[in-house]
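>>> Coordinates only, no sequence provided:
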């Protein structure tokens, strides 16, 4: 059996296990949180972190970044490649920090104005 077939099988198995564990997580979430404003708040709070997980963890950004990384490594060397990688990660962290700060500011204003008080 070729190495590529073994690697593909391992990736497929890991993906299947991940999906089953995700289903178990959702069942546990539904059991403990139920439906209501607490569950809605929880979902809303994890929207941005889940977006970054999808982009970084599930390969969308990685698939786009790795070829550029390797091309830069060939053209300019490993030092320049790591400097560029550092710049990309720093930029992502700054954007994330800005989004978090904006979210904190918006929710603080909403709480201060009493937008979430019961009628």
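Yes, it's here. Just so it is clear, the structure is predicted and the values come from calculations on it, not from any experiment.

>>> distance of residue 16 from residue 56?
To residue 56, residue 16 is 21 Å away according to CB to CB, to the nearest Å. Using the backbone N, CA and C atoms, a C-beta is placed for each residue, glycine as well.

>>> Tell me the spacing between residue 31 and residue 25.
Distance, residue 31 to residue 25, using CB to CB: 11 Å.

>>> circling back: tell me which of residue 16 and residue 56 has more neighbours.
Counted by other CB atoms under 10 Å, residue 16 and residue 56 do not tie: residue 56 has more neighbours, with 13 against 10.

>>> Look up the closest residue to that one, ignoring the ones flanking it.
Excluding its sequence neighbours, the residue lying closest to residue 56 (CB to CB, 6 or more residues apart in numbering) is residue 62, at 6.8 Å.

>>> Is the one you found in contact with residue 68, as I believe?
No: contact criterion CB atoms under 8 Å: residue 62 and residue 68 do not qualify, at 10.9 Å.

>>> Run through this structure and note the low-pLDDT ranges.
For the chain, the stretches flagged by pLDDT under 70 are 57, 59-60, 115-119.

>>> Tell me the buried residues in the longest helix along it?
For the chain, the helix with the greatest residue count under DSSP state H is helix 78-113. If you call a residue buried by 16 or more other CB atoms under 10 Å, then helix 78-113 has these buried ones: 81, 84.

>>> Figure out how far it is from the centre of its chain.
Mean C-alpha position of helix 78-113 versus that of the full chain (CA atoms, centre = their mean, to the nearest Å) differs by 13 Å.

>>> Walk me through the domains of the protein.
1-36, 46-119 (automatic domain parsing).

>>> Please name the residues that touch residue 103.
Going by CB atoms under 8 Å, 6 or more residues apart in numbering, residue 103 touches residue 48.

>>> Repeat the analysis, applying 10 Å as the threshold.
44, 45, 48 (CB atoms under 10 Å, 6 or more residues apart in numbering).
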